[in-house]
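Chemist: sequence unknown, structure follows:
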């Protein structure tokens, strides 16, 4: 009889979620736990994230997309401060925008329905619905040239450069500053591909600056080797996702926990949208690992996951 | 000087959101209010939804996508019961799944990574990561044939058919039942395109059944005509979105509030992903109307919006 | 040894496609046949489409999305004329735009970067990057009221209504006209949800008009019953996709061939983006059926598939 | 009267495309030129690409996504050989897969519906629907270690490293080889983030290897400075898109032509999906530049654009 065979596929009825006034985020997520589609995946992501925090896990955080301009800076710096992140891999752009904010300069709420040529004439740069005054980059340039000027001519790694930058900042909300304070390393393989890179090009025209592209791979891979367990929370895909996964690949270890918050879907064939199951074929994510992808805007799902996890873990 | 000109574009700095343990959903949304991308849009959706509820607004609800299988049934029936919805336009499928749940039968948490041929052999129908036993449709057929049998041979409208069905159910979580109880009309232009339609085909083989495709358009358009103000919360796009908008088009009125929760993007050119600005060119949405589209999974955004709105409105 | 086991997974090397000047579409598709991602799927779609045409197959065509405004009208009417389509299921909107074109009125190339309020003042309706003058609907109204006026007060089906409309047109590029001429039935479950529906509402205010919502289900399902083999080419998802699949469900038959051209992805959980494998769990698509989904803009992939298929089939 | 004002918005009727057997790609694209949505954009992309080739333009090519595994290698190496590309910016992964192919090793047609744990046991790595035997990386490692061994201990740039690698290959279809032969520089800011990077880590454990992360920025930006006109064809987004655009930003020049082939949409707020209009606000793309984004799978649109352009340009 087929019902015996299928019994294990029909064990958990979908919960028709109930919403109440005053509900806290943790309760909302618990209510969504029995739902399907994105709601169910979000609840699963919270479960995995909490288990990964409770366990003796080396916690990687992949940080792609214009998340600092969108308002996610403090969430990340607070996660670093409170021990939720051991290793951060990021795009250069997020660090540039972190620096801009750390100088007391702001990004502004704008709109994506606009005349971009008019914006150009007004010296406003647009990032979807965020407006950034171009003149902020004058202060940014001063700061960066000064920071580069304090480096010796010794060859350093990109991670060391970012630690150096963080140590020169004075803003507790800054990701770079908080990471430097907390000894959380920040890796950024494509550092050239950012205003930090452009400032390096400018500085290098008159001064020595020796940053070795491959120098920090050893320490990163050593972290992977030494991990008793490993977990990754990936915001977007891009270089951070791939770099975190490929580094684990050359060790005997695998990721035990993996969460991906993204709008990229697998159907394009690109790595950013690749499923975490695909990563199992490579041995990046373990056969028995707990993993989930939440296909929804990370500026919505990250705050929810963090709010629910902080409630459950009491920190 | 360009700063004078642009002053009004740079008035509201992005808020770097802060998350705290125990935070309730309303506070989280308030924290996201100063953020950009989906986070900012979600907060704006809550604002618009609350204003639309406070105002003397005729409140339309467009309901596409497999939302009942995903666990959104009670959220919608509770919104109807508590006066958040005046008119519901839906796909047939959501009403079929509402009926299935109202019979005490369940949808089950499944997975999208599966062998569909094996599922077929096990008589399990899949809806993304939801499993639905095929034999539920035996009870469904009994119920529907019985319901059709209670109809006279008079010509009725689709709305009348759905009211009749709702009045024959006995489950307070049912959308059909709650709408019938609360005198909230349900419209479903593509009713044939569902198991309710297939049951009509079956019934019609031996019995008279006269449902006029155009009969309920007058009452729907009259509702549009009579609206002092009009607001729409659209879950997904499809027929419900278009039907709500086109009906307003033939009246002197326009939508004053419009919220769209969808993963469809404008770039395909289809109506489901069309922006609410495009709807202004037609006069469906008013020139001065407040509108926002949140591009994220509605099974996540709908519960958040409802939780935050219920907190703010205290009901 | 694992190579024996895996031998069958590594039999066909990816072809690195070569492009030559003057290449015809058929050759291009053949070159893409050995590629992966969308390229490989497109080539597979052509193969399946040709086999489905050669075989004694009942050929269904699902037609969603604003395809006529985008310029796909003649492709479809030519396919009907040349025997590529036996049954058409469509949204109302595509038939409205077919009617507009058949009156010698045009859609215009516009832009999606525009001021929609300005467009409204200029009485231009926007469909993504297509502009449609509002006054076209004056001629449309005259035509439709006249067409409705020629109907008797007998109860008819939606299919009969569409055949009647087609028979009153005089434009060989018209889909409605060509289908009427070729005895290809057109089904449109959500006919109310269109300007044709709004004209029915208007006509019904003063005149009898009796269109039975369920009346054409029997003939549609009979077509499904009688099909020796069945194939479906689905442009977009929506009602046409679901209606075609659900009708087959109540017969002992299944689709033997299925092709889906869409930008909707499965991750939203909706039917439009559901995989054709999911359809196997329901028995809509057969266990052994050949099926493929091409995730790319149908205004690009449909012309390519048609051009390649016409070359191969010589008609 | 508003028709005078709007006259210029309604000048070009949509062309209802006609498809004929044997049609070549160039004719198909011409037929789509008067269509809307993706079809119209594709035709516009061909126009822009041809103008950009005819003009005295410095031609940048951004190359993200797993395009070599999907079968796009020869298209790109042929474009380099025939003078269509002056500067290539790529992800590391595409160069790794180019190297694998250049060793006579293959990628294989697979499927995305599969058991990834089973694949892992069979030592097959999956890239969406491409299968890659893990043991290919043994030959890859031998080759890369040998190539690194031929470098002196002098500090080199990433571009120099890639030229060196290309010069050591012996396969005319190889992108690296063809670029080295044709003196087309290849830039890859995130080179660490690839198997080439992992091989560098391995090599560096026992040997000196000095690759300066910022060393090639000067020559890249000098190319931007020296460009009389500049054009970019961007496959996907990611680092290549941003790096090409940011480098132009620090020069007095701007891009005069820009084409983007992508499935990323603007709604996520990320750079990959950002519109080319957004790039105008920054001054990356010129105010008067011709630009278009085609939202469709690049494995389909790139071959079409190349086939049509080669026909028109006769090379």
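Modeler: Everything's here; your move. These numbers come from a predicted model, not from an experiment.
Chemist: CA only for contacts and neighbour counts going forward, please
Modeler: Will do.
Chemist: Quick one: neighbours of residue A:82, just the number.
Modeler: Each residue near residue A:82 was counted by other C-alpha atoms under 10 Å in any protein chain shown, and the total is 12.
Chemist: again with residue A:204
Modeler: Neighbours around residue A:204, by other C-alpha under 10 Å: 17.
Chemist: how close does it get to residue B:294?
Modeler: 44 Å (C-alpha to C-alpha, to the nearest Å).
Chemist: what's the answer for residue A:164, then?
Modeler: Taking C-alpha to C-alpha, one finds residue A:164 at 39 Å from residue B:294.
Chemist: Those two: which is more packed in?
Modeler: A count of neighbours by other C-alpha under 10 Å puts residue B:294 above the other of residue A:164 and residue B:294, at 23 against 18.
Chemist: what about the helices in the stretch 51-200 of chain A?
Modeler: Secondary structure of the stretch 51-200 of chain A (DSSP state H, counting those that start in this stretch): helices at A:73-81, A:92-102, A:116-121, A:136-149, A:158-167, A:175-181, A:195-204.
Chemist: buried residues in the shortest one?
Modeler: For helix A:116-121, a neighbour-count test (16 or more other C-alpha atoms under 10 Å in any protein chain shown) marks A:116, A:117, A:119, A:120 as buried.
Chemist: Any chance of a markdown table for those, columns distance to chain B and pLDDT?
Modeler: Converted to a markdown table, the buried residues of helix A:116-121 look like this (distance: C-alpha to the nearest C-alpha, whole Å; pLDDT from 0 to 100):
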| residue | distance to chain B | pLDDT |
| --- | --- | --- |
| A:116 | 13 | 96 |
| A:117 | 13 | 96 |
| A:119 | 9 | 97 |
| A:120 | 11 | 97 |
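Chemist: Out of these, the closest to chain C would be?
Modeler: Here the nearest of the buried residues of helix A:116-121 to chain C, counting by C-alpha to the nearest C-alpha, is residue A:116; it sits at 10.3 Å.
Chemist: circling back: tell me which of the helices of the stretch 51-200 of chain A sits nearest to residue D:55.
Modeler: helix A:116-121 (24.2 Å; C-alpha to C-alpha).
Chemist: Any part of the closest one near chain C?
Modeler: No - residues of helix A:116-121 are not located near chain C by C-alpha under 8 Å from any C-alpha of the partner chain, the shortest gap being 10.3 Å.
Chemist: List the contacts of that helix.
Modeler: Helix A:116-121 is contacted by residues A:125, A:126, D:277, D:278, D:280, D:281, D:282, D:283, D:287 when judged by C-alpha atoms under 8 Å, 6 or more residues apart in numbering or on different chains.
Chemist: What is the distance between that helix and the centre of its chain?
Modeler: With C-alpha atoms, centre = their mean, to the nearest Å as the basis, helix A:116-121 stands 31 Å off its chain's centre.
Chemist: go on, stretch A:102-109?
Modeler: For stretch A:102-109, the distance to the chain centre is 20 Å (C-alpha atoms, centre = their mean).
Chemist: before we move on, the earlier item: of the helices of the stretch 51-200 of chain A, which is nearest residue C:132?
Modeler: Between these, helix A:116-121 lies closest to residue C:132; by C-alpha to C-alpha that is 25.5 Å.
Chemist: rewinding a little: between the contacts of helix A:116-121, which is nearest residue A:139?
Modeler: residue A:125 (15.5 Å).
Chemist: that older thread, ok, which of the helices of the stretch 51-200 of chain A comes nearest residue A:244?
Modeler: Of the helices of the stretch 51-200 of chain A, nearest to residue A:244 by C-alpha to C-alpha is helix A:158-167, at 14.3 Å.
Chemist: Could you list every helix and strand that that closest one packs against?
Modeler: Secondary structure elements in contact with helix A:158-167, counted by 3 or more C-alpha pairs under 8 Å, 6 or more residues apart in numbering or on different chains; DSSP states H and E, are helix A:175-181, strand A:186-187, strand A:211-212.
Chemist: Right, and chain C sits closest to which residue of the stretch 151-300 of chain A?
Modeler: Closest point on the stretch 151-300 of chain A to chain C, by C-alpha to the nearest C-alpha, is residue A:269, at 6.0 Å.
Chemist: For that residue, give me its contacts.
Modeler: Residue A:269 neighbours (C-alpha under 8 Å, 6+ apart): C:37, D:65, D:66, D:127, D:128, D:129.
Chemist: Tell me which two in those residues are the farthest apart.
Modeler: D:65 and D:129 (13.7 Å).
Chemist: Count residues in the vicinity of residue A:138, would you?
Modeler: The number of residues near residue A:138, taken as other C-alpha under 10 Å, comes to 10.
Chemist: any idea of the pLDDT on it?
Modeler: You'll see residue A:138 listed with a pLDDT of 96.
Chemist: Next: the one 4 residues further on.
Modeler: Note on residue A:142: pLDDT of 98.
Chemist: Can you name the residues of the stretch 201-315 of chain A that neighbour chain B?
Modeler: So the stretch 201-315 of chain A meets chain B at A:295-300, A:303-304, A:306-312, A:314-315 (C-alpha under 8 Å from any C-alpha).
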